[in-house]
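Enquirer: Could you work out the structure for the sequence below:
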Amino acid sequence: MRRLFLLILSPLIAISLLFLNPDPSNAARGGRIGGGSFRTPSLPRSSGYGRTYRGGYGGYGGYGGYGGRGIGFPFILPFFGFGGGGLFGFLILMAITGVIVNSVRGNNVSNNNLRSFTERPTTEPPVTIIQLQIGLLSSAKQLQKDLREIAASSDTSNNKGLQSVLQETTLALLRQPELWAYANSEAGSVPFLSSESTFNKLSINARSKLKGELTSNVAGKILTDNSYANQIGDADSLNEYIAITLIVATRNQIKINQGSNGEDLKENLRNLGSISTNDLIALEVIWQPEGEGDVLSAEELVTSYPNLNHL
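Expert: Now for the predicted structure:
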């Protein structure tokens, strides 16, 4: 069984590399706001698993993900049935497959007089990961200004500040529905042990579409390089679109419509904005263009965001 899973897993990983490394040479520069922390609860010391894991976030670190513990199949199967396609759906599937592979390994180890998973304390419930991609007409310049103000004034080092960022961002988008041109909404539930790795991969994929990050407020660290301040500004007059990506990890099951119309997108934004501070685990808000003179053409939009649907 383990060899079969590994045999299936290897070519899938190879295929994913084609999508995870887009060429940003002609991409517009952008901005980023985010932060969060993936943690498992502290378990009783008597169980032998009393330590707390604090996952890294905010850069390219913290990819641990699967934890190396055996997990029984009844724990995995209920999360099969994610929504979405393309890279998002692929990463959700890979997260579930990775934990299944580890469960097979764990079951083999448990035969050496170790306790099975059913005897261990229950860990965190699955994490819902949501990705919204929206393409707006270039006249939505107020949105860029709103995002800069949010980045400059928000405390992204704690969940309260992140919840405020999420709420203000969704409100800024909801105020300009007449400028929505394209959208893509996806959601999936993954086991907690693989949630951080899955979230980070989605984050890196979204960030790789940018030529650079001129505005940044991540995990409480605001970009302060004065050389970038002179480059931030309105896009060139030839600019056609503004693209924004929201990636959210939450403890709650959030209803996300996958329809391709404005009403579905409006409901999705409202649902995201209503996520509570306690339920929010991590957040990424990424947008482009952000640099003075940058351009995001129709061709670049559909190439960088192939899953967008015309509204």
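Enquirer: Help me confirm that Lys145 is found in a helix?
Expert: Yes - under DSSP: H, G, I helix; E, B strand; the rest coil, Lys145 falls within a helix.
Enquirer: what's the neighbour count on Ser237?
Expert: When neighbours are defined as other C-beta atoms under 10 Å, Ser237 has 8 of them. Every C-beta, even on glycine, is put in place using the N, C-alpha and C of the backbone.
Enquirer: Equivalent analysis for Ala229, please.
Expert: Ala229, neighbours per other C-beta under 10 Å, totals 12.
Enquirer: all strands of this protein, in order?
Expert: In the chain, the strands defined using DSSP state E lie at 30-36, 127-137, 180-190, 213-218, 221-222, 241-250, 280-288, 309-310.
Enquirer: Given the last one, what are its sheet partners and their directions?
Expert: Each strand that strand 309-310 pairs with, and the sense of that pairing, follows from DSSP bridges: strand 180-190 (antiparallel).
Enquirer: Cross-check the contact I'm expecting between Ser185 and Lys266.
Expert: No - the pair Ser185 / Lys266 is not scored as a contact, 11.0 Å apart, by C-beta atoms under 8 Å.
Enquirer: what about these two, which has more around it?
Expert: The residue with more neighbours, out of Ser185 and Lys266, is Ser185; 27 against 16, by other C-beta under 10 Å.
Enquirer: So in terms of bridging, what pairs with the more buried one?
Expert: For Ser185, the beta-bridge partners are Leu132 (DSSP bridges).
Enquirer: ok, now which ones touch it?
Expert: By C-beta atoms under 8 Å, 6 or more residues apart in numbering, the contact set of Ser185 is Gly84, Ile130, Gln131, Leu132, Gln133, Ile256, Asn257, Gln258, Asp264, Leu265, Asn268.
Enquirer: Neighbour count says what about these? Which are buried?
Expert: By neighbour count, with 16 or more other C-beta atoms under 10 Å, those hold Gly84, Ile130, Gln131, Leu132, Gln133, Ile256, Asn257, Asp264, Leu265, Asn268 as buried.
Enquirer: could you dump these to a markdown table with distance to Asn309 and pLDDT?
Expert: Formatted as a markdown table, those follow (distance: C-beta to C-beta, whole Å; pLDDT from 0 to 100):
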| residue | distance to Asn309 | pLDDT |
| --- | --- | --- |
| Gly84 | 12 | 46 |
| Ile130 | 16 | 96 |
| Gln131 | 14 | 96 |
| Leu132 | 12 | 97 |
| Gln133 | 10 | 97 |
| Ile256 | 14 | 92 |
| Asn257 | 12 | 91 |
| Asp264 | 10 | 95 |
| Leu265 | 10 | 96 |
| Asn268 | 13 | 97 |
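Enquirer: From those, pick the one nearest Tyr305.
Expert: Of all these, Gln133 has the smallest distance to Tyr305: 5.3 Å, by C-beta to C-beta.
Enquirer: now, which of the contacts of Ser185 sits nearest Ser197?
Expert: For the contacts of Ser185, the nearest to Ser197 is Gln131 (15.2 Å; C-beta to C-beta).
Enquirer: Tell me if I'm right that the closest one and Ala249 touch.
Expert: No - under the criterion of C-beta under 8 Å, Gln131 makes no contact with Ala249, lying 10.3 Å away.
Enquirer: what about the stretch 151-300 of the chain, any weak spots by pLDDT?
Expert: 224-225 (pLDDT under 70).
Enquirer: Break down it into its helices, ranges please.
Expert: Taking DSSP state H, counting those that start in this stretch, the helices of the stretch 151-300 of the chain run over residues 159-174, 192-207, 226-229, 262-273, 298-304.
Enquirer: out of those, deepest packed?
Expert: For the helices of the stretch 151-300 of the chain, the stretch with the most neighbours on average is helix 192-207, a mean of 23; neighbours defined as mean count of other C-beta atoms under 10 Å.
Enquirer: Give the other helices and strands that it contacts.
Expert: helix 2-20, strand 30-36, helix 86-110, strand 127-137, strand 241-250, strand 280-288 (3 or more C-beta pairs under 8 Å, 6 or more residues apart in numbering; DSSP states H and E).
Enquirer: so that helix versus strand 280-288, what angle?
Expert: Using axes from the mean of the first three to the mean of the last three C-alpha atoms, to 10 degrees, the inter-axis angle of helix 192-207 relative to strand 280-288 is 10 degrees.
Enquirer: Can you show me the CA trace of helix 192-207 as PDB?
Expert: Extracted C-alpha coordinates of helix 192-207, given in PDB (Å, rounded to 0.1, in the frame of the first residue of the first chain):
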ATOM      1  CA  PHE A 192      -4.500  20.000  10.500                       C
ATOM      2  CA  LEU A 193      -1.100  18.400  10.200                       C
ATOM      3  CA  SER A 194      -0.800  19.300   6.500                       C
ATOM      4  CA  SER A 195      -2.700  22.700   6.600                       C
ATOM      5  CA  GLU A 196       0.400  24.900   7.100                       C
ATOM      6  CA  SER A 197       2.300  23.300   4.300                       C
ATOM      7  CA  THR A 198      -0.700  23.600   1.900                       C
ATOM      8  CA  PHE A 199      -1.400  27.200   2.900                       C
ATOM      9  CA  ASN A 200       2.300  28.200   2.400                       C
ATOM     10  CA  LYS A 201       2.400  26.600  -1.000                       C
ATOM     11  CA  LEU A 202      -0.700  28.500  -2.100                       C
ATOM     12  CA  SER A 203       0.900  31.700  -0.700                       C
ATOM     13  CA  ILE A 204       4.100  31.200  -2.600                       C
ATOM     14  CA  ASN A 205       2.300  30.400  -5.800                       C
ATOM     15  CA  ALA A 206       0.300  33.700  -5.500                       C
ATOM     16  CA  ARG A 207       3.400  35.700  -4.600                       C
END
